[in-house]
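> Here you go, sequence then predicted model.
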Amino acid sequence: MTARPSSEVPGPATDGTKVPATDPATDLIAGRPLGPGSVIGFVGLGNMGGPMAGRLAAAGFHVRAYDAAETARDAAPAGVTITRGAAETATDADAVILMLPGSDAVEAVLHDPSLRGPGLMSDPGPGGVDPSGTGRDATRAGSTPTDDMDRDATHVGSTPMDDMDRDATHVGSTTVDDMDRDGTHVGSTARDGMGLLAALRPGAVVIDMSSSQPLRTRELAARAAERGIVLVDAPVSGGVKGAVDGTLTIMTGGAERDLARVRPVLDVLGSRVLRLGPVGAGHAMKALNNLMSATHLLITAEAMLAGERFGLDPEIMLTTVNTSSGRSGSTENKWPHFVLPGTFDSGFGLRLMLKDMRIAVELAQAIGVAPRLAQAAVDLWSDAAEHLPATADHTEIARQVAAASTAPANCRR
């Protein structure tokens, strides 16, 4: 048998051996891998979360989901049960997936039953900006995905509102208002008033698939462990198309034993599941990936502008670069699809990219790395955020580069 690379998350044991639980009282939950029939809570039904929850339901998992945005709840995929709050997704759950804008939202969901603190969405607007002015993150809906898009907003690709049952959540979905669990109406139980973490039973797993801050993730994992709850991080790359198709790259952090338990869930969502290390490692990798992506895009904008003002054809420039050593995701995807056509509609907000860049720079500084180029890139992106509209797509960094560059008369075309 071919050995699995060490970076791959191991799947569940295939020899019939049950993994022993550390606490016999929670063995029924903690001692078995998750699989079809398991109850999965899901918080965050936006661009990415909506199709991901739908895939789990279609694969035979019992999915109980919530989103602070009514539009996202209305667009819930068939087979997904909508609850009246985040904590209610924990009812009888073996695991809960969080697909949220970042650490602020994650902590609010885990600890704040009101779900109205800063960092949470309430019908967010395009480009990663909450129109209510509370600073909540979101992602533009209805546009082409990029590898950097993993935040929640209005669900993309769902049934039009005119085709929806307005007396329910979505055609084919179930609402908790119509349900009883063991004779007790969900939403009027002792779980009311709790954050999600307090509502989970010992032995359950929290899978944070948000783009969160790795050091805060480790702190949350320690607090969860005090309640007998396991927290692993599993951010993704691959965009909406990857979420719909189940081809995401999933970057995980956690103990091998814990990741083996949730592997059957992750396999439904992604085609490549990689273990980066202990808790927080997945979030660290995601932030560093987006820092690299943003820096690639910035230098591409500068180089393309220089070439164009010299007289080079931008399309021929891209063709040349994409068969040469200067190619990147920016030259292969973002420039030809969003910048050259002038649409600037990748679906991932400029300020969300900047948030991830800052996470990466803060991480580098915390561990003694001098992020000189990274900090320069953050400064330039920050300048773009000050000058571009609040709803700006991240590919509009190219517009800011052009605006900040005054061409000499002899180089103007």
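Cool, the structure landed. Numbering: from 1, shown residues only.

> Give the next helix or strand downstream of the strand or helix carrying Ile299.
Ile299 is part of helix 281-310, with elements assigned from DSSP states H and E. Proceeding N to C from helix 281-310, the next assigned helix or strand is helix 314-321, under DSSP H and E.

> how about Arg64, phi and psi?
Backbone torsions of Arg64, given as degrees, to the nearest 10, read phi -110, psi 120.

> Contacts only, for it.
Going by C-beta atoms under 8 Å, 6 or more residues apart in numbering, Arg64 touches 39-42, 80-81, 83, 88-89, 91, 93, 176. For every residue, glycine as well, the C-beta is placed using N, CA and C.

> what bridges to it?
Gly41, Thr81 (DSSP bridges).

> Would you state the helices of the protein in chain order?
With DSSP state H, the ranges of helices along the chain come out as 27-30, 49-58, 70-74, 103-111, 196-199, 214-226, 239-245, 256-269, 281-310, 314-321, 329, 350-366, 372-387, 397-403.

> Buried deepest among the ones you listed, which one?
helix 49-58 (a mean of 26; mean count of other C-beta atoms under 10 Å).

> Would you mind pulling the contact partners of that one?
Helix 49-58 has contacts (C-beta under 8 Å, 6+ apart) with 40, 42-43, 45, 63, 65, 67, 72, 75-80, 97, 99, 152, 155-158, 209, 240, 243-244, 246, 265, 268-269.

> Kindly write the ChimeraX command that selects the buried subset of these.
The buried residues among these can be selected in ChimeraX (16 or more other C-beta atoms under 10 Å) with this line:
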select :40,42,43,45,63,65,67,72,75,76,77,79,80,97,99,152,155,156,157,158,209,240,243,244,246,265,268,269
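
> where does the stretch 151-300 of the chain have low pLDDT?
Applying pLDDT under 70 to the stretch 151-300 of the chain picks out residues 151-194.

> at 90 instead, please
Within the stretch 151-300 of the chain, the segments meeting pLDDT under 90 span 151-195, 238-242.

> ok so, going back, now the two most distant members of the contacts of Arg64.
Distances among the contacts of Arg64 were taken as C-beta to C-beta; the most separated pair is Ile40 and Val176, at 15.2 Å.

> wait, what's in contact with the closest residue to Val265 other than its chain neighbours?
Nearest residue to Val265, sequence neighbours excluded (C-beta to C-beta, 6 or more residues apart in numbering): Leu34, at 5.3 Å. Neighbour list for Leu34: 40, 61, 94-95, 205, 261-262, 264-265 [criterion: C-beta under 8 Å, 6+ apart].

> One more: Asn322?
By C-beta under 8 Å, 6+ apart, the contact list for Asn322 reads 331-332.

> any idea how far the residue nearest to Val265 is from Ala93?
The gap separating Leu34 from Ala93 is 10 Å, by C-beta to C-beta, to the nearest Å.

> shared neighbours of these two, anything?
What both Leu34 and Ala93 touch, as defined by C-beta under 8 Å, 6+ apart, is the set Ile40.

> Bridged to Thr252, which residues?
Beta-bridge partners for Thr252, by DSSP bridges, are Arg275.

> Now render the helices of the chain as a markdown table, adding distance to His337.
Converted to a markdown table, those look like this (distance: least, C-beta to C-beta, whole Å):
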| stretch | distance to His337 |
| --- | --- |
| helix 27-30 | 44 |
| helix 49-58 | 20 |
| helix 70-74 | 25 |
| helix 103-111 | 29 |
| helix 196-199 | 37 |
| helix 214-226 | 30 |
| helix 239-245 | 11 |
| helix 256-269 | 24 |
| helix 281-310 | 13 |
| helix 314-321 | 11 |
| helix 329 | 11 |
| helix 350-366 | 16 |
| helix 372-387 | 20 |
| helix 397-403 | 12 |
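
> can you tell which of those helices is closest to Thr343?
Checking the helices of the chain against Thr343 by C-beta to C-beta gives helix 397-403 as the closest, at 11.7 Å.

> which helices and strands does the closest one pack with?
helix 281-310, helix 372-387 (3 or more C-beta pairs under 8 Å, 6 or more residues apart in numbering; DSSP states H and E).

> want to throw those into a markdown table with distance to Arg275?
Formatted as a markdown table, the helices and strands packed on helix 397-403 follow (distance: least, C-beta to C-beta, whole Å):
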| stretch | distance to Arg275 |
| --- | --- |
| helix 281-310 | 8 |
| helix 372-387 | 25 |
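
> right, and the ones you listed - which one's nearest Glu362?
Closest among the helices and strands packed on helix 397-403, using C-beta to C-beta: helix 281-310, at 8.8 Å.

> tell me the angle that closest one makes with helix 314-321.
Between the axes of helix 281-310 and helix 314-321, defined by axes from the mean of the first three to the mean of the last three C-alpha atoms, to 10 degrees, the angle is 130 degrees.

> Return the distance of helix 281-310 from the chain's centre.
20 Å (C-alpha atoms, centre = their mean, to the nearest Å).

> cool, and stretch 320-330?
With C-alpha atoms, centre = their mean, you get 27 Å for stretch 320-330.

> Start and end of it, how far apart?
Distance across stretch 320-330, first residue to last, is 14 Å (C-alpha to C-alpha, to the nearest Å).

> State the mean pLDDT of that stretch.
What stretch 320-330 shows for mean pLDDT is 97.

> now do stretch 83-93
Stretch 83-93 comes out with an average pLDDT of 92.

> Between the two ends of it, how far is it?
Taking C-alpha to C-alpha, the first and last residues of stretch 83-93 lie 13 Å apart.

> And the residue nearest to Val265, how far from Leu56?
Plainly put, Leu34 is 10 Å away from Leu56 if you go by C-beta to C-beta.

> Please apply the same query to Ile229.
Ile229 is 20 Å from Leu56, where distance means C-beta to C-beta.

> And Arg261, by the same measure?
Taking C-beta to C-beta as the measure, Arg261 falls 15 Å from Leu56.
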